[in-house]
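Novice: structure for this input, please:
(one chain, ligands or ions: 1)
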Amino acid sequence: MRRESRYCAFCGHRHRIYTKAHVGILDVILALALGFLVLSPFANGLDARGIGLAAIFVGVAELFTVIRHRMSLRCGRCGFDPIIYRRSQEDAAKLVRTHLARRAADPRTLLAQPIAPYGRRRERHSHEQRSPEV
Ligand SMILES: [Zn+2]
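Specialist: Next comes the predicted model:
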């Protein structure tokens, strides 16, 4: 289970993503072994139907791996989705807007830090020295 830290491109929030997007060759081998193992008590020894069972296992594993990877890419804090952004910037902005509206209405986030696009935060300007007016 490989996970890596990434920063959200919109709000700069650090979140962990699953780097594995598809099943690998090792998963296929393991599924084959499991397929034969599950069938061996019913058939005498190795049975070719184990390959069919393994194919089903691989299919299910691939489905879960893809969904897990895809879900982890989305930022949980602001709702920004880089895949949707690459396809359509308007759609990504709409999703973030809906997420932020829902978040604003949620009483649990009343005292939470406000979400602003990365680079447009207040902290950035707070330490800027203001020259005294003469
Ligand atoms: Zn974010």
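
Novice: nearest residue to residue 77 other than its sequence neighbours?
Specialist: Nearest residue to residue 77, sequence neighbours excluded (C-beta to C-beta, 6 or more residues apart in numbering): residue 13, at 4.2 Å. Bear in mind the C-beta positions are built from the backbone N, C-alpha and C, glycine included.

Novice: please tell me how far that neighbour sits from residue 105.
Specialist: For residue 13, the distance to residue 105 under the criterion C-beta to C-beta, to the nearest Å works out to 20 Å.

Novice: looking at the two, which is more packed in?
Specialist: When residue 13 and residue 105 are compared for neighbours, residue 13 comes out ahead with 16 against 8, by other C-beta atoms under 10 Å.

Novice: tell me who's in contact with the more buried one.
Specialist: Residues counted as contacts of residue 13 (C-beta atoms under 8 Å, 6 or more residues apart in numbering) are 7, 75-78.

Novice: what's the answer for residue 109, then?
Specialist: With the criterion set at C-beta under 8 Å, 6+ apart, residue 109 makes contact with residue 103.
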